[in-house]
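Q: Sequence and predicted structure, then a few things I'm wondering about:
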Amino acid sequence: MRDDGRLLSVPDDGGVKPRQVLGIAIFLAVMVGLAFVAQPYRLFQLTMLVTYGCAVLGLTVLTGVNGQISLGHGAFYAVGAYTSAVLMANYDWPYWATIPAAAATSALLGFLIGFPALRLGGLYLALTTFALAVAVPQILKVNALEGLTGGVQGLTTDKPDAPFGLPISADQWIYLFTLAVGSVVFLLGWNLTRGRIGRAMMAVRDHPTAAEAMGINLTTVKTRTFAVSAMFTGIAGALSTIAVQFVAPDSFNFTLSITIFVGLVVGGAASIIGALFGGAFIEFVPNIANDISKAAPGAIYGLILIGFMFLMPRGVAGLFTSIGRRLRRRRAVPVDLTEVVANRP
């Protein structure tokens, strides 16, 4: 966000620059390399980093790009997680096949939620989605669904082994699988926000009346954006089930939605890459706070969050963007030729 509270636009640079391709390739190479040097616990943390990054990306598309505030994305995360768990535990689906199913189920729910969102905005929409986040864990505990969802006890799934006899551990394979799925999700998000559909989303966010006058269908854009956003977050939920091998209603209470929203703000409200920084904050900062003070980890977490907001009001991605702009301005400073000639010996 800007310092004045306005959301930043996602720039359309007309394509991916060679240096961006090189940077992405180096980043992916480093992430893949970590699979072979990191300890199992660190691999699990990296797996959850990518998972939370996908969840934050879903909220980035909805809130940062389209301007619809949601405090209920924990519900879509839960739907994706439970779709994957139910199919694996009750119907013996392979873990990889549950990803498309979780994406479709979450997208359908997001599309349905998108219709009431057409008549709501701002705080009213935020409270409506927050009600969804509060309701979903209670629905999962209903006795009528206990045979499907496991009720309060939840469901347990098996840890997938590496396929084709690959000489890697199950933890390494889960991490690499999550990284591959996450890369596809981020690529989809990147292309979506930098194309014609992304420009329509931003037009609806910045000035809906003008966007409608230009021929943009507000109903279509808003509902489809909700569906895509829920789909990304649902995929994240399915990945978390594969990584954790357990789901329970209390794991998806309303604090999860707040946590995803915090990741959005910390990473950068309208930044695709910022979603990864948000995922890192969600995964690592609570552990850091607990290591600093086991007596009051919540207080330490709050202080760290306040520090981030004070030092980086536009998020981590916004900070890097500002630094990059300043460096480009320094390189572009014009040279005063008269001064150069006057100072020649």
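A: In hand now; what should we look at?
Q: Tell me which helix or strand the residue positioned nearest the centre of the chain sits in.
A: Nearest residue to the geometric centre of the chain (CA atoms, centre = their mean): Val56, 2.0 Å. Using DSSP states H and E, Val56 falls within helix 40-59.
Q: if we can go back for a sec, roughly how far apart are the residue nearest to the centre of the chain and Phe76?
A: Distance of Val56 to Phe76, computed by CB to CB, to the nearest Å: 12 Å. All C-beta spots, glycine's among them, are computed from the backbone N, C-alpha and C.
Q: Please apply the same query to Ala102.
A: Separation of Ala102 from Phe76 (CB to CB): 10 Å.
Q: So the two - more neighbours on which side?
A: Set side by side, Ala102 and Phe76 show more neighbours around Phe76, with 37 against 29, by other CB atoms under 10 Å.
Q: I'd assumed Ser106 was in contact with the more buried one.
A: Yes: the criterion here is CB atoms under 8 Å, and Phe76 meets it with Ser106 at 4.9 Å.
Q: so what sits against both of those two?
A: Both Phe76 and Ser106 are in contact with Ala230, Thr233, Gly234, Gly237, where contact means CB atoms under 8 Å, 6 or more residues apart in numbering.
Q: Generate a PyMOL selection restricted to the buried entries among those residues.
A: Remark: buried members of those, expressed as a PyMOL selection using 16 or more other CB atoms under 10 Å:
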select buried, resi 230+233+234+237
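Q: Kindly list the main-chain dihedrals of the nearest residue to Val265 once chain neighbours are set aside?
A: Ranked by CB to CB, 6 or more residues apart in numbering and with sequence neighbours excluded, the top spatial neighbour of Val265 is Gly315, at 6.4 Å. With angles defined as degrees, to the nearest 10, Gly315 sits at phi 90, psi 170.
Q: just Phe246 next, same as before
A: phi -160, psi 140.
Q: number of nearby residues for it?
A: Other residues close to Phe246 by other CB under 10 Å number 15.
Q: I'd guessed it sits against Leu155; true?
A: Yes: counting by CB under 8 Å, Phe246 does reach Leu155; the two are 7.3 Å apart.
Q: mind showing which ranges of the stretch 101-250 of the chain have poor pLDDT?
A: Nowhere does the stretch 101-250 of the chain drop to pLDDT under 70.
Q: returning to that earlier point: shared neighbours of Ala102 and Phe76, anything?
A: Common contact partners of Ala102 and Phe76 (CB under 8 Å, 6+ apart): Gly234, Gly237.
Q: which residues in the stretch 101-250 of the chain form helices?
A: Assigned by DSSP state H, counting those that start in this stretch, the helices in the stretch 101-250 of the chain fall at 123-140, 146-149, 170-193, 196-206, 208-213, 218-244.
Q: which one of these lies closest to Asn287?
A: Closest approach to Asn287 among the helices of the stretch 101-250 of the chain (CB to CB): helix 218-244, 15.7 Å.
Q: Now do the closest one against helix 123-140, angle only.
A: Interaxial angle, helix 218-244 versus helix 123-140 (axes from the mean of the first three to the mean of the last three CA atoms, to 10 degrees): 40 degrees.
Q: Tell me the gap between helix 218-244 and the middle of its chain.
A: Centroid separation for helix 218-244 versus its chain: 9 Å, with CA atoms, centre = their mean, to the nearest Å.
Q: What residues of that helix count as buried?
A: Those buried within helix 218-244 under the rule 16+ other CB under 10 Å are 221-244.
Q: distance of His73 from Phe130?
A: Relative to Phe130, His73 is positioned 10 Å away (CB to CB).
Q: Give the residues shared as contacts by the two.
A: Ser257.
Q: More neighbours: which of those two?
A: Per other CB under 10 Å, whichever of His73 and Phe130 has more neighbours is His73, with 34 against 21.
Q: who's in contact with the more buried one?
A: Residues near His73 by CB under 8 Å, 6+ apart: Ala55, Gly58, Leu59, Leu62, Thr129, Ala133, Ser229, Ala230, Thr233, Ser257, Ile260, Phe261.
Q: rewinding a little: of the shared contacts of Phe76 and Ser106, closest to Leu311?
A: Nearest to Leu311 out of those is Thr233 (CB to CB; 27.7 Å).
Q: my guess is that closest one contacts Leu59, does it?
A: Yes: with contact defined as CB under 8 Å, Thr233 reaches Leu59; the gap is 7.0 Å.
Q: which residues are in contact with both of these two?
A: Shared contacts of Thr233 and Leu59 (CB under 8 Å, 6+ apart): His73, Ile260.
Q: Buried residues, the stretch of helix or strand Phe277 belongs to. List them.
A: Secondary structure from DSSP H and E places Phe277 in helix 274-292. For helix 274-292, burial by neighbour count (16+ other CB under 10 Å) applies to 274-283, 285-286, 289.
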